[in-house]
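Participant: let me see the structure of the following:
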Amino acid sequence: MAHFAKIDSEGKVLSIIVIDNSDILIDGVESESEGISRCQSIAGPGTYVQTSYNNTTRLRYAVVGGTYNSTTDSFVNPKPYPSWNFVSDLEIQDWESPVPKTDTDDHWDEDNLVWLSTSGE
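Facilitator: So this is what the prediction gives:
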């Protein structure tokens, strides 16, 4: 299956459209432009960008509420917490907590800006 993100003028991901690979072939080869045309016929006019469920293109799979950065040609996850900072490294392009996570940490406490473990360790 081929996946396409519909994005607004700011790059915000509005929805994900899934199309059968056989519907976007040109001479037996998958075509992003054919996929975009197919998305427009299914979901209406707009801007569509192909995304990879296996994270093989555009850094990661697009998620609704995330953004598409056209400068780096990558998808960025939504900011999970107000205190988190964006890592602009081209291979990362993601949010990180202000406190490093350890192996035993499993959830973030935004009120106290600490990682917590439910295992009691």
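
Participant: what's the spacing between residue 93 and residue 74?
Facilitator: According to Cβ to Cβ, to the nearest Å, residue 93 and residue 74 sit 5 Å apart. No exception for glycine: its C-beta is placed from N, CA and C like everyone else's.

Participant: okay, and the common contacts of these two?
Facilitator: Common neighbours of residue 93 and residue 74, using Cβ atoms under 8 Å, 6 or more residues apart in numbering, are 59-60.

Participant: ranges for the helices of the chain?
Facilitator: In the chain, the segments counted as helices under DSSP state H are 32-43.

Participant: what ranges do the strands span in it?
Facilitator: Secondary structure of the chain by DSSP state E: the strands cover 2-7, 13-19, 25-26, 29-30, 47-51, 67-69, 74-76, 85-87, 94-96, 107-109, 114-116.

Participant: surely residue 69 touches residue 10?
Facilitator: No. Taking contacts as Cβ atoms under 8 Å, residue 69 lies outside contact range of residue 10: 10.9 Å.

Participant: higher neighbour count, those two?
Facilitator: residue 69 (15 against 7; other Cβ atoms under 10 Å).

Participant: for burial, what's the neighbour tally of the closest residue to that one other than its chain neighbours?
Facilitator: Leaving aside its chain neighbours, residue 69 sits nearest to residue 76 (5.7 Å; criterion: Cβ to Cβ, 6 or more residues apart in numbering). Neighbour count for residue 76, taken as other Cβ under 10 Å: 22.

Participant: could you do the one 3 residues further on as well?
Facilitator: Neighbouring residues of residue 79 were enumerated by other Cβ under 10 Å; the total is 15.
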